[in-house]
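*Asks:* structure for this input, please:
(chains A and B)
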Amino acid sequence: MADAAAGLARRVRRAGLRRRAAAVLLVAPLLLFLLIGFAAPIAALLARGVQDTEVPRVLPRVTAALADWDGQGLPGPDAFAALAEDMREARAAGTLAQAATRLNYDINGFRTLMFATARRLPGPGEDAQAALLAADPAWGERATWAAIRRAGGPVTDFYLLAAIDLKRDEAGRIVAAPAEQAIFRDVLVRTLGISLLVTLLCLVAGYPVAALLASLPTRQAAVLLAFVLLPFWTSLLVRTAAWVVLLQREGVVNTALLGLGLIEAPVQMIFTRFAVVLAMAHILLPFMILPLYAVLRAIPPGLGRAAASLGAPPWRVFLRVTWPLSLPGVAAGSLMVFIQALGYYITPALLGGASDQMISWFIAFYASRTVNWGMAAALSALLLVATAALFAVYARLAGEARVRVA
Amino acid sequence: MSAPIVRFLGVEKSYDGVTPVVRHLDLDIARGEFLTLLGPSGSGKTTTLMMLAGFEVPTAGRIEVEGRDVSRLPPHRRGIGVVFQSYALFPHMSVAENVGFPLEVRGMARAERSARVARALEMVRLGGFGERRPAQLSGGQQQRVALARALVFEPSLVLMDEPLGALDKQLRAEMQLEIRHLHEQLGVTVVYVTHDQEEALTLSDRIAVFHHGAVQQLDAPAQLYERPANAFVARFIGENNRLAGTVSEIDSEDGMVKVALAGGRSLWAMRGDCGTAGARAVVSVRPERIALAPGPAADLSEDAIPARVVETIYLGDHVRVRLALEGGAEVMAKRPIAAADPRLVAGAEAAVAWQPEHAIAFAPEPGD
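*Replies:* Sure thing, here's the model as predicted:
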């Protein structure tokens, strides 16, 4: 008996182990794909936002020499000598541009300074300090050296601070960036503002549609739902282009309004905030309607009847019963629309003016046009943090809503 | 009798314009009475209730409540309490908020509202449950909350649509008594829909039996059981034995008819809705009205019918005996356990008899 029981227990355990192993093997490809195709690239990109490797690689001696500079006054003559030697080598190796570009992010004109100085480097044995000061008086300024030291790596908060319009001064204190560079807070506020507007528009336009769908018999609802989903299956680019056709100066809308005599001259619609918000709301609408529809469909129709029989007029039934019970759908739909809107790039790029570009446009600008990966990564991190914070708020609210409904 | 609180005047309802769901309904409901609409599913009873509540609009005719035509009045302006089978409690509100809802929409001040809510919850024996969510209550408790909510604003008319349909048998019996006592206490008029005849008999002052969209009979429970108006009512309420035959003679003075049964024997019965001489008829006899004895027929009474026991079924409090009558028809007889005769076993010779006033002759139902 005892033997038989032990044997059974062993067999059960072995079967359980096999089942678990099989499950792990089945999901392994997906896990691996997610790791390689998703987690790793994001981590690598974000890492670029805090890495600082160009200056220590190209100018190793001066980096080392500045490591124990106190930041007061000018560094010692050995630092000048180290810089002269580093620049000579870098010029020969053709790597000087990498360090110059990095330093130019910090102080405008640093690139010119580097190349001008490189042409007038002191010979071996000459007084490096005098020669450099002669080449450019900027070498006699504390700020110039502080910039080199700040770029000394290996990690930096330079890009992250820049992404929220901050920088470090010569003494290493965090201060506001100069006004002509301080644009990212505006861009972030603009991105959040456009996304919020799009979300509200989707909610106002989508709720009645979802309510109608939920009130229809299943078969009719399925037909209408197909109309909701139809644009959803069309390429984003095509839909954006369609809005260009509609809204441009000689576009469908202007021609129609002119033809009807409602306006005398074409109205500027394309390249405005209006066009961006309208097109984004149109594109994102299904993401609002679908969760709303699911939630509204699940509300028992008897509740509305009960409320009416108890004396509540239709508007009161909506405010007191339908709306509160649909809040999980409102939250889910709004979150989906808002988070997607935060990352929008193509639509504002094609339909918006210069002052309507969202944060993604700047990420693309730094990544592909100026090849400033550090800045692109820092802005991406900003977007990621904003999204994660929103999601945390949602999870909190949704959790509470679930407890309240249950 | 005072003016009826509800009047249905020639009310008709059809959803597709072709199939009638309710055909020409005339029905008066007296103030303070407990009226049950009883019928099988699809008989039109729920549609009738929904028209009274305001969720359906009659295709023709008029519904009056307190002398006012309400046929097209939206439900929220009718002031009628409704209890649904699904309870329809608001899941996002506490029990107290649910019960307070009709008072809230009527703009009652918070203090008075909570006093009324507390009293209503006491009334359904749920005092102290106010802070809970409906999901934290059992089915019976939820339905009591729904009752409190439908009664708290003191409507003079309360509608109940199979309110106990989702409860198990024991709880249903308990709730039936509770609803009856509430009705007695409050004196409200209740219109109750059910397909459960026992429930209808337990609760009602009067029962309207629905079939095919029309009221077959409107009567007090005892009348309905003892003197059903037609073969459908006899079949739907309680059990009955049905013996097919032909009307051979009518005694209009006593209201009796003589029916020649298919087997050749003739018997007298009360005249139901059967036709005149020569018309086909069905004689209905309740199982508990059948007298039964072992041995030859002559021993029981002179007009007893000889029979043979087919089977007996023991049911604890009573015994059912299935018998084949001379001539081929079968009847079921029901004896209380104390009056059961052990000699009545399958195959035994027996005799059955009943008083002519316990047999009623009806016109056959379509399909009989």
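
*Asks:* and stretch B:258-266, how far from the chain's centre?
*Replies:* Its chain's C-alpha centre and that of stretch B:258-266 lie 32 Å apart, by Cα atoms, centre = their mean, to the nearest Å.

*Asks:* which residues does it contact?
*Replies:* For stretch B:258-266, contacts defined as Cβ atoms under 8 Å, 6 or more residues apart in numbering or on different chains pick out B:243-251, B:267-269, B:274, B:281, B:283, B:305, B:325-329, B:361. Every residue, glycine included, has its C-beta placed from N, CA and C.

*Asks:* mind checking the SS state of A:G71?
*Replies:* At A:G71 the chain is in coil, as set by DSSP: H, G, I helix; E, B strand; the rest coil.

*Asks:* ok, and the closest non-adjacent residue to it?
*Replies:* Excluding its sequence neighbours, the residue lying closest to A:G71 (Cβ to Cβ, 6 or more residues apart in numbering or on different chains) is A:A171, at 5.9 Å.

*Asks:* taking the contacts of stretch B:258-266 one by one, which sit in strands?
*Replies:* Judged by DSSP state E, the subset of the contacts of stretch B:258-266 located in strands is B:243-251, B:267-269, B:281, B:283, B:305, B:325, B:361.

*Asks:* could you pull out the buried residues of stretch B:178-187?
*Replies:* Across stretch B:178-187, burial judged by 16 or more other Cβ atoms under 10 Å in any protein chain shown covers B:178-179, B:182-183, B:186.

*Asks:* just the residues you listed: which are in helices?
*Replies:* B:178-179, B:182-183, B:186 (DSSP state H).

*Asks:* what's the closest non-adjacent residue to A:A147?
*Replies:* Counting by Cβ to Cβ, 6+ apart, A:D106 is the residue found nearest to A:A147 once chain neighbours are left out, at 4.6 Å.

*Asks:* quick one: that neighbour and chain B, what's the gap?
*Replies:* As defined by Cβ to the nearest Cβ, to the nearest Å, A:D106 lies at a distance of 56 Å from chain B.

*Asks:* for PyMOL, write a command that selects the buried ones of the contacts of stretch B:258-266.
*Replies:* The PyMOL selection below is limited to those of those classed as buried (16+ other Cβ under 10 Å):
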select buried, chain B and resi 243+245+246+247+250+267+268+269+274+281+283+305+325+326+329+361
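
*Asks:* dihedrals phi and psi, residue 10?
*Replies:* If you meant another chain, say so; for now it's chain A. phi -70, psi -40 (degrees, to the nearest 10).

*Asks:* wait, chain B was what I had in mind.
*Replies:* Dihedral angles (degrees, to the nearest 10) for B:G10: phi 60, psi 40.

*Asks:* mind checking how far it is from chain A?
*Replies:* According to Cβ to the nearest Cβ, B:G10 and chain A sit 25 Å apart.

*Asks:* quick check, A:N108 in a helix?
*Replies:* No. Counting by three-state DSSP, A:N108 falls outside a helix, being coil.

*Asks:* what number of residues lie near it?
*Replies:* Neighbour count for A:N108, taken as other Cβ atoms under 10 Å in any protein chain shown: 11.

*Asks:* got phi/psi on it?
*Replies:* phi -60, psi 130.

*Asks:* so what's it scoring on pLDDT?
*Replies:* We have a pLDDT of 84 for A:N108.

*Asks:* contact partners for it?
*Replies:* A:N108 touches nothing, counting by Cβ under 8 Å, 6+ apart.

*Asks:* mind checking how far it is from A:A179?
*Replies:* Note on A:N108: its distance to A:A179, by Cβ to Cβ, to the nearest Å, is 14 Å.

*Asks:* all strands of the stretch 151-300 of chain A, in order?
*Replies:* A:166-168, A:174-176 (DSSP state E, counting those that start in this stretch).

*Asks:* which one of the ones you listed lies closest to chain B?
*Replies:* Across the strands of the stretch 151-300 of chain A, chain B has its closest neighbour in strand A:166-168 (44.8 Å, Cβ to the nearest Cβ).

*Asks:* tell me the contacts of B:Q197?
*Replies:* Residues near B:Q197 by Cβ under 8 Å, 6+ apart: B:38, B:236-238.

*Asks:* now tabulate these in TSV and tack on pLDDT and neighbour count.
*Replies:* Below are those laid out as TSV (pLDDT from 0 to 100; neighbours: other Cβ atoms under 10 Å in any protein chain shown):
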residue	pLDDT	neighbour count
B:L38	95	28
B:F236	92	22
B:I237	91	20
B:G238	89	18
